[in-house]
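Chemist: got a sequence here, can you build the structure:
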Amino acid sequence: MQEDFVIWDIPPSDVISSYVLSDSSGENFYLVSDSCLSHYIIVLIILCLAAGNIHGELEKVKHGTGFIFGGASSAYQYEGAAFQHGKGPSIWDTFTREHPEKIADHTTGDIADDFYYVFKGDIALMKEIGLDFFRFSISWTRILPKGKISGGVNQKGITFYNNLINELLSQGLKPFITLFHWDVPQALEEEYGGFLSQNIVDDYRSYVDVCFKEFGDRVKYWVTINEPNSFTIGGYVTGIEAPGRCSNYIGNCTYGNSGIEPYIVGHNLLLSHATAVKLYKEKYQESQMGEIGISVQSYWDLPKYQTVASIKAAFRGLDFRFGWFVDPIIFGDYPEIMRVLVGTRLPIFTESQSKMLKGSLDFLGVNYYTARYADDSTSSSSVNLSYTTDSLVNLTTEKDGIPIGQPTAADWLFIYPRGIRELMLYVKKKYNNPPIYITENGVDDNDSLPNQKALNDSLRIKYYHCHLSNLLKAIRAGVDVRGYFAWSFLDNFEWESGYTLRFGITYVDYKNGLTRYLKSSAFWFKNFLQKENVIRSKPLLYQDSN
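Modeler: From the prediction side, this is the model:
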């Protein structure tokens, strides 16, 4: 059954957040659940209104302030050539070989999209669509095969990325480069445990120094680390991603401690980030005139119930996932609630480290895909310590059997476009409105779809349409959003999902020579970026129903 909704023209005084929807005329509506008027639950349907003028206004933003559009990728998910031309192994090369059972289709990224060899054709497609930027990551072990300067610099790796950058520029696109996207050098993992050791900070500094020196004259945007929170949770809490560490009461892992290791790894990631930013600003920024930041993933957490406990749980959830990394970078230390709940398991920054961290960004990258309901779990009693339970928050994707948004092929992704707007407003208020780039946003299809249906990806078009509409509302509200990157330009190796999920706006035929085909969403972007009025349609509605 569907819930009925009451429209209020004045928001009830105890509605906690500004859950305001506007139609194309600009009139505001406040929606609350008719079935629980006493506590005003957040809306369970996803509305995408104000569709009529999104194109014109985003074009104004794009051309008036340099707003950029691009496609996003990462080295392990795209490049292939895993052991060719001097590249050393990363933890993902090892993980997919030693634990094929942890990859949905038992595959690897050995070939992936073969981007290493066919990037010129892919860049031609990007140009055809009209993208401004291409966001890609540099493979640490393609530059330093053993992870360290002392292990030698791989000149063939330098040549590859020089060729990639130069080809982008020659075709009218610009690079937006991530320095670390989860592919820790296997040699460093074996030597001292990778990011479990603070030794990695110096080795990471040496690696990024090479990148700044070799490529920085043509690169204006650097991301130090992609989704440090996701890397830490997948690799050291649940163990479902490389390096596959967790407590045995959490998952099927040989080694790990889900209540201690995530905080050590997160700490060393933050120190690595701050060290890279310090190096860039002191040695390169003045001459290269670029910017440097970090990309952090977040859900938007909605209170499951309109109670004080549930609302507090939603904010704790944001602190433990997003604030875990953003608070130290903005304020110099972890969120206070993490200090209280994690206690001595949460490392302490020295005074000099805190000073180095505070303000260590020119922009904040935000990766948004979906939302969660948050409820209080302080009454639960778990004797097993874990990052998952430390926050005392229970995150779910449904309430009373109704999903938070339209389900997709991925079991974790439910379509909730409003979340990107709410997250932007949250960042503006809590972190003093830093410059923001949406460095990832996208939706998946199942690989089992027939080719024609996969190419006619109308759901993806609606997803982008509604998220851009909500992003525009955030910009109207004063959020300093400067660019947007779709995840992803190509279908690719989606980590533990292997090739079973397709996020690309370009179809990759893995059964027939990796041939590329532009999906309908790619043509939608092409038309949008070429100023055609393809987005002037009736308001779109996502609605949960049985």
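Chemist: and the pLDDT at the residue nearest the centre of the chain?
Modeler: The residue lying closest to the centre of the chain (CA atoms, centre = their mean) is Asn367, at 2.9 Å. We have a pLDDT of 99 for Asn367.
Chemist: so what's it bridging to?
Modeler: Gln297, Glu440 (DSSP bridges).
Chemist: helices along the stretch 401-546 of the chain, start to end?
Modeler: Assigned by DSSP state H, counting those that start in this stretch, the helices in the stretch 401-546 of the chain fall at 418-430, 451-455, 458-476, 520-529.
Chemist: whoops, the stretch 51-200 of the chain was the one
Modeler: Going by DSSP H, counting those that start in this stretch, the stretch 51-200 of the chain shows helices at 54-65, 75-78, 91-98, 115-129, 140-143, 155-170, 186-192, 199-215.
Chemist: what helices and strands are in contact with the third one?
Modeler: Pointing back at helix 91-98 there. Applying 3 or more CB pairs under 8 Å, 6 or more residues apart in numbering; DSSP states H and E, one finds that helix 91-98 contacts helix 186-192. For glycine as for every other residue, the C-beta is placed from the backbone atoms N, C-alpha and C.
Chemist: if you count contacts, what does the helix it packs on end up packed against?
Modeler: Contacts defined by 3+ CB pairs under 8 Å, 6+ apart place helix 186-192 against helix 91-98, helix 199-215.
Chemist: and the ones you listed as JSON lines, adding mean neighbour count, distance to Ile436 and mean pLDDT?
Modeler: JSON lines is the format used below for the helices and strands packed on helix 186-192 (neighbours: other CB atoms under 10 Å; distance: least, CB to CB, whole Å; pLDDT from 0 to 100):
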{"stretch": "helix 91-98", "mean neighbour count": "20", "distance to Ile436": "28", "mean pLDDT": "99"}
{"stretch": "helix 199-215", "mean neighbour count": "20", "distance to Ile436": "22", "mean pLDDT": "99"}
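Chemist: of all these, which lies closest to Ser150?
Modeler: Ser150 sits nearest to helix 199-215 of all those, at 8.8 Å, using CB to CB.
Chemist: which pLDDT value goes with Phe528?
Modeler: At Phe528, pLDDT is 89.
Chemist: end to end, how far does stretch 506-522 reach?
Modeler: Terminal residues of stretch 506-522 are spaced 7 Å apart (CA to CA, to the nearest Å).
Chemist: separation between the residue nearest to the centre of the chain and Ala72?
Modeler: Distance, Asn367 to Ala72, using CB to CB, to the nearest Å: 9 Å.
Chemist: phi, psi for Glu291 please.
Modeler: Dihedral pair for Glu291: phi -130, psi 160, per degrees, to the nearest 10.
Chemist: now do the contacts for the residue lying closest to it once chain neighbours are set aside.
Modeler: Using CB to CB, 6 or more residues apart in numbering and skipping the chain neighbours, the partner closest in space to Glu291 is Asp362 (3.8 Å). By CB atoms under 8 Å, 6 or more residues apart in numbering, the contact set of Asp362 is 291-293, 435.
Chemist: most neighbours, which of those?
Modeler: Ile292 (26 neighbours; other CB atoms under 10 Å).
Chemist: test my guess that it contacts Leu361.
Modeler: Yes: counting by CB atoms under 8 Å, Leu361 is a contact partner of Ile292 at 7.0 Å.
Chemist: so what's in contact with these two at the same time?
Modeler: Val277.
Chemist: hmm, Gly66 is touching Arg482, no?
Modeler: Yes: the pair Gly66 / Arg482 is scored as a contact, 7.0 Å apart, by CB under 8 Å.
Chemist: of these two, who's got more company?
Modeler: Applying other CB under 10 Å to Gly66 and Arg482 shows that Arg482 carries more neighbours, namely 16 against 10.
Chemist: against Met338, how distant is the more buried one?
Modeler: Distance, Arg482 to Met338, using CB to CB: 29 Å.
Chemist: so which of the helices of the stretch 401-546 of the chain comes closest to Thr397?
Modeler: If you check each of these against Thr397 by CB to CB, helix 418-430 wins as the nearest, at 12.4 Å.
Chemist: what angle do the closest one and helix 458-476 make?
Modeler: 20 degrees (axes from the mean of the first three to the mean of the last three CA atoms, to 10 degrees).
Chemist: contacts for helix 418-430?
Modeler: Here helix 418-430 has contacts from 17-19, 21, 46-47, 298-300, 302, 318, 323, 326, 364, 366, 368, 370-371, 433-434, 436, 438, 441, 467, 470-471, 473-474, 477-481, using CB under 8 Å, 6+ apart.
Chemist: could you redo the last one with a cut-off of 6 Å?
Modeler: Helix 418-430 is contacted by residues 300, 368, 371, 467, 470-471, 473-474, 479 when judged by CB atoms under 6 Å, 6 or more residues apart in numbering.
Chemist: same deal with stretch 320-335?
Modeler: 228-229, 270, 296, 298, 319, 354, 357-358, 360-361, 391, 431.
Chemist: Leu395 belongs to a helix?
Modeler: No: the assignment for Leu395 by DSSP: H, G, I helix; E, B strand; the rest coil gives strand, which leaves it out of any helix.
Chemist: so what's it bridging to?
Modeler: Beta-bridge partners of Leu395, as defined by DSSP bridges: Ala374.
Chemist: correct me if wrong: it contacts Asp375.
Modeler: No: the pair Leu395 / Asp375 is not scored as a contact, 8.1 Å apart, by CB atoms under 6 Å.
Chemist: coming back round to it: would you check how far apart the residue nearest to Glu291 and Ile264 are?
Modeler: In terms of CB to CB, Asp362 sits 27 Å off from Ile264.
Chemist: go on, Ser206?
Modeler: Counting by CB to CB, the gap from Ser206 to Ile264 is 21 Å.
Chemist: between Asn367 and Ala72, what contacts are shared?
Modeler: By CB under 6 Å, 6+ apart, the residues touching both Asn367 and Ala72 are Glu440.
Chemist: how about the strands in the stretch 251-400 of the chain?
Modeler: According to DSSP state E, counting those that start in this stretch, the stretch 251-400 of the chain carries its strands in the segments 291-297, 300-303, 363-367, 371-376, 393-396, 398-399.
Chemist: perfect, I'm done here.
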